[in-house]
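**Student:** sharing a sequence plus its predicted fold:
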Amino acid sequence: MPDARLEQAHDTFYRALGLILCGQTDAMSELWSHAEDVTYMSPLGDLLVGWAPIEQSWAEQAATLTGGPMVPEEVHFFESETLGVVVGFERGRIQVGGDSLTVNIRATSTYRLEGGAWKMIGHHTDRI
């Protein structure tokens, strides 16, 4: 059974992603570690390293995407004392420039315990 805090962090990520699709970035910023070793590989193919470019990417997505909700499916949790990994699928619909797109992607989220809380240190997605 995964640590309830890891499950909560995972749920928080999808709530924060829903808020990104409403133009709000604060919840996403609170969930992520702001360390320089964090990584984000978006479904667009970007590899971003460090909090500053990741924060900018989420801000750009908040400004250009609408829709949702994004729903995690077939989720599996793995954890050690200080690292947690969640793998599964993200499915939903988004609006980009007036076009409605179906989202069907594989996702891996990595978390690290920082100050007693699971903070996201990596998110990797790719389209199926």
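**Tutor:** Alright, I've got the coordinates.
**Student:** now do the strands in the chain.
**Tutor:** Across the chain, reading from the start of the chain, the strands by DSSP state E fall at 39-41, 47-49, 65-67, 71-79, 83-96, 99-114, 117-127.
**Student:** rank the ones you listed by pLDDT, which is bottom?
**Tutor:** Of all the strands of the chain, the minimum mean pLDDT falls on strand 65-67 (a mean of 87).
**Student:** so what's the gap between that one and the chain middle?
**Tutor:** Here the centre of mass of C-alpha atoms in strand 65-67, compared against the chain's by C-alpha atoms, centre = their mean, to the nearest Å, lies 15 Å away.
**Student:** next: stretch 73-87.
**Tutor:** The chain centroid and the centroid of stretch 73-87 are separated by 13 Å, computed with C-alpha atoms, centre = their mean.
**Student:** please apply the same query to stretch 45-56.
**Tutor:** 12 Å.
**Student:** could you find the closest non-adjacent residue to Ala27?
**Tutor:** Ala16 (3.8 Å; C-beta to C-beta, 6 or more residues apart in numbering). All C-beta atoms are positioned from the backbone trio N, CA, C, and that covers glycine.
**Student:** isn't the one you found right up against Cys22?
**Tutor:** No: here Ala16 lies out of contact with Cys22, judged by C-beta atoms under 8 Å, at a distance of 10.5 Å.
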